[in-house]
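**Student:** How does the following fold in three dimensions:
(chains A, B and C)
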Amino acid sequence: MHTFSQELDAVPPYSFELTVHNPAGWFWHNPLEVYEAGRIWTALHLSPGKAIGLRLESLGILEKPKILATIFSRRKLTNRDENEVIEMVREGAGLRDNILEFYEAVKTDPILKHTIHDLYGMRRGAMLRTDIFNSATLAITLQNAPINRTDQMLQLLITNCGQKMTFDGKTTYTWPSPKSIMNADAEELTKKCKLGYRTKYLQFIAVAVQRQTCPKIKELLEMPFEKAKAELTKLKGIGEYSSEIILPHGQAFPIDIWSAQIFHKLFFPHRPLPSKQEAVQIVRKQAAERWGRWRRLAFVYVLSDLDNLSQKLKVNL
DNA sequence: GCGTCCAGGTCTACC
DNA sequence: GGTAGACCTGGACGC
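**Tutor:** Okay, the predicted model is just below:
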């Protein structure tokens, strides 16, 4: 194994653990990543088809953050590949974000004033990616399914179609590449990964990503939010909710029936819960008016702090 | 055990 | 342009 290491700075305050370790009870880059005491191990594909292992380690403290990134690869990487990975880490771990701007904007908000205290230094972590396929895979498996079903589909997809990587004494997997899903037999994929009707959507998106007929993450970010959303909803299986899972914009607010009920209780604690679909529309509108361009961060902060919010605001979440 | 319902959306046929 | 109904799968529930 070849290794390449680089120390990275982050804009303080920066909490490595809150950002990458089970954010909102979920994963950072991939459901099969490994986290142990200030270190995380994961794996990803570099285009085209090169798999690498990645270890991130926190060397600093909240007000003087420093992250050591180490890349593990079977063949020596080019400088360009190394730079691409480091750039993905900077983006995915939110190292450049100035979180103090967000804190200043929401410091008097009756809900967020608690969460920014409880989760001081947390960033909105994002998957390591240059194309939409990882996040589209997540979005498709979240649709019309309770969380344990989603988890089952993701685990099966990754262990059957991702690439297994053993390095630095740890074993983990990459997300499945678009090529591996595009070339898989549809019937076999459905059966092995228990995807049901979702197989056809996943394969449709895999083809679009592989043939580059849909925008990359960087291109989406350069578009206005509504235009970027319209581009994504052209894809079969991607509606409003799924597009907001994928979009990198700060205005994205991927609200579903479950989270809509939580946010409705927080926004309107004395109102009865409306129908599920109504709650989604009401919450979406309220979040846009109240949190504007900060609503994606607000979303992550609230869902990462439900126990504390329940106690402080005396709401049963 | 067995049948029925429905979930952390989206598409399509039909009006 | 709006909206029921269908869609995989598996856990919860009633009997």
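
**Student:** For DNA strand C, see how far away the residue located most distally from the centre of chain A is.
**Tutor:** Distance from the C-alpha centroid of chain A peaks at A:His270, with 32.1 Å (CA atoms, centre = their mean). As judged by CB to the nearest atom of the strand, to the nearest Å, A:His270 and DNA strand C stand 27 Å apart. (Glycine included, C-beta is placed from N, CA and C.)

**Student:** For the closest residue to DNA strand B within the stretch 151-300 of chain A, list the residues it contacts.
**Tutor:** Minimum separation of the stretch 151-300 of chain A from DNA strand B (CB to the nearest atom of the strand) falls at A:Gly239, amounting to 2.5 Å. A:Gly239 makes contacts with A:Thr233, as judged by CB atoms under 8 Å, 6 or more residues apart in numbering.

**Student:** so the residue farthest from the centre of chain A is in which element?
**Tutor:** In the assignment (DSSP states H and E), A:His270 maps to no helix and no strand.

**Student:** what's the answer for A:Leu8, then?
**Tutor:** Assigned by DSSP H and E, A:Leu8 belongs to strand A:2-9.

**Student:** need the contact list for the residue in chain A that DNA strand C sits nearest to.
**Tutor:** Relative to DNA strand C, the nearest point of chain A is A:Gly196 (2.2 Å; CB to the nearest atom of the strand). Contact analysis of A:Gly196 by CB under 8 Å, 6+ apart lists A:Thr190.

**Student:** which SS state does it fall under?
**Tutor:** For A:Gly196, the assignment made with DSSP: H, G, I helix; E, B strand; the rest coil gives coil.

**Student:** What pLDDT is listed against it?
**Tutor:** pLDDT recorded at A:Gly196 is 94.

**Student:** The helix or strand encompassing A:Gln281: which residues count as buried?
**Tutor:** Secondary structure from DSSP H and E places A:Gln281 in helix A:276-291. In terms of neighbour count (16 or more other CB atoms under 10 Å), helix A:276-291 has its buried residues at A:279-280, A:282-284, A:286-287, A:290-291.

**Student:** tell me what it is packed against?
**Tutor:** Helix A:276-291 sits against helix A:257-267, helix A:295-303, with contacts defined as 3 or more CB pairs under 8 Å, 6 or more residues apart in numbering; DSSP states H and E.

**Student:** Show residues contacting that helix.
**Tutor:** So helix A:276-291 is contacted by A:106, A:109, A:112, A:251, A:253, A:255-257, A:259-261, A:263-264, A:267, A:273-274, A:295, A:298-299 (CB under 8 Å, 6+ apart).
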